[in-house]
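K.L.:
no FASTA, just this:
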Ligand code: TRP
Ligand code: SF4
């Protein structure tokens, strides 16, 4: 239960592009081999900003899941699901809303930022204010402790930690907690109990994060503990009550440096993208028509790669030797721009080839995708229901 569990979500924006691949999906593919991973489509989050135009959501969801699979996200390694198909997220969101101060939500930077950025939309809604809390529910319901996100999402993980802490503080105080925790410590056996007490003391007196980690590791190694005692002992390290909800950590994904066709960051809103499964002819055409250093009017005019967006792509796709060739050939007018672009075209097409192939299976037989997602939803629901059972109980809604 306290093993590493990774969770991340993406709003269904439709077909993804190479920026998503280099920025997010490659990372997911790597993580799925290292940790238990859950990846989901945040369709309710899409509605918080696009409630007035829901007609594309469903198509966007399927296109995006196919892109995940095309990129190498493996349903045998990771659980893939759709947020709204796991309605437990909504119940937890509601229950968490009871203890969430309005000020916390109003202070999340994305709240005002997005309202200003999307000024044409009316985002003075209850749903939009609750965006980060819904995200907290997404994370907490799986007791995920690692959340891979970009910089802009870090405040959302931060508020999730605060919510978890507040929840555990308010609802984790069972009567006689201290006594029960002390009894549980004794059950560790005298050697482990002593080590546990020492770590706990170091953490409580000096906030020593290593002591906290060591105490947690000790509990993880200890096998003959009941679930209740284990939770108690986790909570007791920090002095508080039972840990019902796990505080997650952001796994900061390095900002994607993937440049678009114009040298700016690749982004749908700049209209400078190459989609993940774009066909080869179209890729070639887009690169061939890319702007280059304006100084190279004639083939014989020397240029400067630093002033050319094609060079940015060489930085992503070319080895040192090739980069040397570009630098030298450009500055001496030894190569032409089309010649310079060809290796980039080849590299992108080669990178995409396995993705196009993997996607084809799913395009030919969409029920494959539906089944993967149905399986994922079922697995996710089981996990979500477990957490929710504990949450309901401590909130006085156990009705057993
Ligand atoms: N808000 C995230 C984004 O825009 C998507 C998201 C929703 C998410 N719920 C999440 C990401 C939970 C990580 C964990 O990118
Ligand atoms: Fe850009 Fe290459 Fe042309 Fe130089 S030779 S301007 S780097 S495309």
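P.N.:
Perfect, I can see it now. From a predicted model like this one, the values you see are computed outputs, not experimental measurements. Ligands and ions are numbered 1, 2, ... in the order given.
K.L.:
Average pLDDT for stretch 161-171, rounded please.
P.N.:
Across stretch 161-171, the average pLDDT comes to 91.
K.L.:
Please see if that stretch touches ligand 1.
P.N.:
No. If you take C-beta under 6 Å from any ligand atom as the test, stretch 161-171 misses ligand 1, and the best it gets is 12.7 Å. The C-beta positions use only the backbone N, C-alpha and C, and glycine is treated the same way.
K.L.:
contacts for that stretch?
P.N.:
With C-beta atoms under 8 Å, 6 or more residues apart in numbering as the contact definition, stretch 161-171 has outside contacts at 96, 99-100, 104, 133, 136, 140, 235, 240-248, 391, 394-395.
K.L.:
how distant is that stretch from the center of its chain?
P.N.:
22 Å (C-alpha atoms, centre = their mean, to the nearest Å).
K.L.:
that older thread, what about burial for the contacts of stretch 161-171, which qualify?
P.N.:
Among these, those buried by neighbour count (16 or more other C-beta atoms under 10 Å) are 96, 100, 133, 136, 140, 235, 241-248, 391, 394.
K.L.:
Against ligand 2, how distant is residue 177?
P.N.:
From residue 177 across to ligand 2, the span is 66 Å (C-beta to the nearest ligand atom, to the nearest Å).
K.L.:
Find me the pLDDT at that residue, would you?
P.N.:
Listed pLDDT for residue 177 reads 84.
K.L.:
So, low pLDDT: which residues of this structure?
P.N.:
Applying pLDDT under 70 to the chain flags the ranges 1-3, 240.
K.L.:
rewinding a little: give me the subset of the buried ones among the contacts of stretch 161-171 lying in helices.
P.N.:
96, 133, 136, 140, 235, 391, 394 (DSSP state H).
K.L.:
So the fourth one versus ligand 2, what's the distance?
P.N.:
Computed as C-beta to the nearest ligand atom, the residue 140 to ligand 2 distance reads 49 Å.
K.L.:
can you offset everything so residue one is 458?
P.N.:
Okay, residue one is now 458; in that scheme the one you just asked about reads as residue 597.
K.L.:
ok, that residue touching residue 616?
P.N.:
No. The criterion here is C-beta atoms under 8 Å, and residue 597 misses it with residue 616 at 11.1 Å.
K.L.:
Flag every buried residue along whatever helix or strand residue 798 lives in.
P.N.:
Using DSSP states H and E, residue 798 falls within helix 794-821. Buried residues in helix 794-821, counted by 16+ other C-beta under 10 Å: 794, 797-798, 800-802, 804-806, 808-809, 812-813, 815-816, 819.
K.L.:
Now the residue of the stretch 608-757 of the chain found nearest ligand 1: closest residue in space, sequence neighbours ignored.
P.N.:
At 5.4 Å from ligand 1, residue 610 is the closest residue in the stretch 608-757 of the chain, using C-beta to the nearest ligand atom. Computed as C-beta to C-beta, 6 or more residues apart in numbering, the closest residue to residue 610 that is not its neighbour in sequence is residue 707, at 7.3 Å.
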